[in-house]
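J.: A predicted structure for the sequence below; I have some questions about it.
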Amino acid sequence: QVQLVESGGGLVQPGGSLRLSCTASGFTFSRYVMSWYRQAPGKERELVATITSGGDLTNYAGSVKGRFTIFRDNSKNMLYLQMNSLKPDDTAVYLCKLVYYGREYWGQGTQVTVSS
């Protein structure tokens, strides 16, 4: 069955960096667009970044453009989000998402807290 497992979150100071990972299984990873979302307390879930199946095209929310990089390793069924110059407003649960045969699949999320 489809499974997405995020990891790599934690507590980081403003200006710091983190790399999130999403381990995918149960489907042919290299054939599908993948996305990172985030949800902060009391706020709606928002799209952070998307990457095409081959990794050649990416798209970012304006709030993270130039600071975050989405990339993937299709040989390892892994999706990543490199986050630099983190701000307190980046504090949220980060989730990876797949749309597979018309259904959305989500991981359980990984908490990122940016605080001094």
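T.: Noted; the coordinates are in hand.
J.: tell me the centre residue of the chain?
T.: Centroid-nearest residue in the chain: residue 36, 3.1 Å away (criterion: C-alpha atoms, centre = their mean).
J.: tell me the contacts of that residue?
T.: Contacts here follow C-beta atoms under 8 Å, 6 or more residues apart in numbering; on that basis residue 36 touches 20, 22, 47-50, 70, 79, 81, 94-97. To be clear about C-beta, it is placed using only N, CA and C from the backbone, and glycine gets the same treatment.
J.: ok, now with 6 Å
T.: By C-beta atoms under 6 Å, 6 or more residues apart in numbering, the contact list for residue 36 reads 48, 49, 81, 96.
J.: turn these into TSV, columns for secondary structure.
T.: Listed next are the contacts of residue 36 as TSV, based on DSSP: H, G, I helix; E, B strand; the rest coil:
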residue	secondary structure
48	strand
49	strand
81	strand
96	strand
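J.: ok, back up a step: so what pairs up with the residue nearest to the centre of the chain in the strands?
T.: Counting by DSSP bridges, residue 36 is bridged to residue 49, residue 96.
J.: just residue 5 next, same as before
T.: Counting by DSSP bridges, residue 5 is bridged to residue 23.
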